[in-house]
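Participant: Sequence and predicted model, in that order:
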Amino acid sequence: MTATDLADVEFVVRTLAETAVDKEKEFGDLDAVVGDGDLGYSLARGFEKVLADWDGFKRDDVATFLQQVAVAISSRIGGTSGPLWGTAFLRASAASKNFDTVDGAAAVAMLRAAADGIKARGNSDLGDKTLLDALIPATDELERQIQSGADAGEARAAFAKTARECADATSKLEARRGRASYSGERSIGSPDAGAVAITIMIERIVSEWGNR
């Protein structure tokens, strides 16, 4: 893979990390509606570790870089978030090894691998009112855009738009995983905090992509 590929992945990871830190209170407040309110704190602490270790990460290739990000996150985030995010980055790392360049197809494969890792580690799936309810449909739309011949900017915009629509739609779902599931039907009416958080991260990546 080229230096440009690595730079693109670095940008994505750094934006994820900075958003998690910047939005700690917002994500926590969202999670507190029907959850235990620790999402913002957990993500911020984990991604703070990523930013603190940033200059020391090996950059031999994309896979190596993402492996180290996974280790950093897993070592710092408590509760269920650490294993889920750590697994997501590890699966994305493994998927990247199947490609010579990080193009649209590689990005979709890495996102799908990350989602599959979250499914397996969290024993969750679409409809359970988790971040998967935004991430998976958004990835599907990204793949459709790429296959239809859309340019990169259009594909990214559609990716973010779908994530937002699907995150908002989680308000209609009853939570089946995590602390929010203890609320039963009371979880209906508010969006899933994880789905909103991943959407805000995606929106920031897309909006800042051309300003690097």
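Facilitator: Nice, thanks for sending it over. This is a predicted model, so every value here is computed, not measured.

Participant: Can you get me the start-to-end distance on stretch 24-43?
Facilitator: End-to-end span of stretch 24-43 (C-alpha to C-alpha, to the nearest Å): 7 Å.

Participant: So for that stretch, what gets flagged as buried?
Facilitator: By neighbour count on 16 or more other C-beta atoms under 10 Å, the buried set for stretch 24-43 is 24, 26-28, 30-31, 33-35, 37-43. Yep, even glycine has a C-beta here, placed from its N, CA and C like the rest.

Participant: Ok, stretch 67-87 next?
Facilitator: 67-74, 76-77, 80-87.

Participant: how long is it from one end to the other?
Facilitator: 10 Å.

Participant: Out of the buried residues of stretch 67-87, list just those in helices.
Facilitator: Among the buried residues of stretch 67-87, DSSP state H puts 67-74, 76, 81-87 in helices.

Participant: Going along the chain, name the helices of this structure.
Facilitator: Counting by DSSP H, the helices of the chain are 3-22, 24-32, 39-53, 62-76, 81-96, 104-122, 132-147, 152-169, 193-208.

Participant: What is the burial count for the nearest residue to residue 137 once chain neighbours are set aside?
Facilitator: Setting aside the residues directly before and after it, residue 137 is nearest to residue 166 in space (C-beta to C-beta, 6 or more residues apart in numbering), at 4.6 Å. By other C-beta atoms under 10 Å, the residues close to residue 166 number 23.

Participant: now residue 166: how far from residue 18?
Facilitator: Residue 166 is 23 Å from residue 18, where distance means C-beta to C-beta, to the nearest Å.

Participant: What of residue 10?
Facilitator: For residue 10, the distance to residue 18 - C-beta to C-beta - is 12 Å.
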